[in-house]
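# only geometry, no sequence info:
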């Protein structure tokens, strides 16, 4: 008997038009994911009614919500559409800045082994996180918020699936990190998180969300490094803003991420015995009035 296995689950994305309309002539774009965590959940409304014999009255279904993470290894050109949505900006001359342009998507989840298609409508990128671990693969996670999950009937006669990108994953064995214009060659980890403060809002007499509100831009992250000098500590103690620029690459293609107004906000140190002492900092990055953005990403193709 056939059953769904993760290895046979594929995901696709398409930009929605007005009122969630989908153009069948536009191919579905493959998403090269580690995990598609999108799902629809419902609140359970429990009754407070007192029944004889201490029995519990029947519960009812409450508000619906569609949320979940799209987790992936960062590959060049694969997620530019979602990066644009998470930044609420527009790629201009291969550079992306933060903005207020909203884009919603339909996302398909296909279990090829059992022939099931699910569609998630009205999906927006609430946040994006880029994780650069020591000696590892660079990860990217888009936390999505949507409006509805439905069973979908894929029409192979009217719809099509585009071919996936073929770029290889990026790792932390290549690239570089600059702090204050100077190489931070003793860094051990970097994480960047852009959160848009998005949240579903509801109305009377409907379980589905009325809309998704857009909040303020909150750009934060963490940085770890060996201790070679007091360079980072001095910036932390002085509340001094400093530019952070990281280049992520697959050896051919690159993304350069720049945060010109980063401030180190918390600090800890760890290490004992003959282990190297690691300095850990949380940071926040603020709007650069000259650039009118907290962060930029520039894509550099081979």
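Alright, I've got the coordinates. Not measured: the values here are computed from a predicted model.

# buried set for stretch 88-102?
Within stretch 88-102, the residues that count as buried by 16 or more other CB atoms under 10 Å are 88, 89, 91, 95, 96, 97, 98. To be clear about C-beta, it is placed using only N, CA and C from the backbone, and glycine gets the same treatment.

# Identify the residues contacting the second one.
For residue 89, the contacting residues are 96, 97, 98, 99, 101, 293, by CB atoms under 8 Å, 6 or more residues apart in numbering.

# ok, 6 Å please
96, 97, 98, 99 (CB atoms under 6 Å, 6 or more residues apart in numbering).

# still on that earlier bit, mind listing which of the buried residues of stretch 88-102 are in strands?
95, 96, 97 (DSSP state E).

# among the buried residues of stretch 88-102, which two are most distant?
Spanning the widest gap among the buried residues of stretch 88-102 are 88 and 95, at 14.8 Å by CB to CB.

# Please enumerate the helices of the stretch 151-300 of the chain.
Ranges of helices in the stretch 151-300 of the chain, per DSSP state H, counting those that start in this stretch, are 231-237.

# where does it have low pLDDT?
Within the stretch 151-300 of the chain, not a single segment meets pLDDT under 70.

# hey, where'd the strands end up in it?
All strands of the stretch 151-300 of the chain, identified by DSSP state E, counting those that start in this stretch, fall at 176-179, 182-183, 187-195, 199-201, 211-213, 218-226, 242-249, 254-270, 278-285, 296-300.

# What lies in contact with the third one?
Translated: strand 187-195. Against strand 187-195 from outside (CB under 6 Å, 6+ apart): 127-134, 177, 218-225.

# For PyMOL, what selects the buried ones among those?
Filtering these down to the buried ones (16+ other CB under 10 Å) takes a single PyMOL command:
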select buried, resi 127+128+129+130+131+132+177+219+220+221+222+223+224+225
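
# give me the element the spatially closest residue to residue 151 that is not a sequence neighbour is part of.
Using CB to CB, 6 or more residues apart in numbering and skipping the chain neighbours, the partner closest in space to residue 151 is residue 118 (6.5 Å). Using DSSP states H and E, residue 118 falls within strand 116-132.

# helices and strands around that strand, which ones?
helix 80-87, strand 105-111, strand 139-146, strand 148-151, strand 187-195 (3 or more CB pairs under 6 Å, 6 or more residues apart in numbering; DSSP states H and E).

# Quick check: which of those is nearest to residue 48?
Closest to residue 48 of the helices and strands packed on strand 116-132, according to CB to CB: strand 148-151, at 29.5 Å.

# and that closest one, how far from the chain's centre?
Here strand 148-151 shows a centroid-to-chain-centroid distance of 21 Å under the convention CA atoms, centre = their mean, to the nearest Å.

# again, but for stretch 142-162
Counting by CA atoms, centre = their mean, stretch 142-162 comes out at 19 Å from the chain centroid.

# quick one: contacts of it?
24, 27-29, 40, 66-70, 82, 117, 119-128, 198, 208-209, 212.

# filter the residues you listed to the buried ones?
Buried among the contacts of stretch 142-162 (16+ other CB under 10 Å): 28-29, 40, 66-70, 82, 117, 119-128, 198, 208-209, 212.

# give me phi/psi at residue 216?
phi -80, psi 160 (degrees, to the nearest 10).

# tell me the contacts of it?
Per CB under 6 Å, 6+ apart, neighbours of residue 216: residue 197.

# How much space separates it from residue 286?
Residue 216 is 11 Å from residue 286, where distance means CB to CB, to the nearest Å.

# Repeat that for residue 242.
Taken as CB to CB, the span from residue 242 to residue 286 is 12 Å.

# Between those two, which is the more surrounded one?
Applying other CB atoms under 10 Å to residue 242 and residue 286 shows that residue 242 carries more neighbours, namely 21 against 14.

# Am I right that the more buried one is in contact with residue 178?
No - in this structure, residue 242 is not within contact of residue 178 by CB atoms under 6 Å, at 9.9 Å.

# Can you measure across stretch 71-87, start residue to end residue?
Counting by CA to CA, to the nearest Å, you get 17 Å between the two ends of stretch 71-87.

# now stretch 99-116
37 Å.

# Stretch 174-185 too?
Taking CA to CA as the measure, stretch 174-185 stretches 12 Å from start to finish.

# buried set for that stretch?
Residues of stretch 174-185 classed as buried by neighbour count (16+ other CB under 10 Å): 175, 177, 178, 179, 180, 184.
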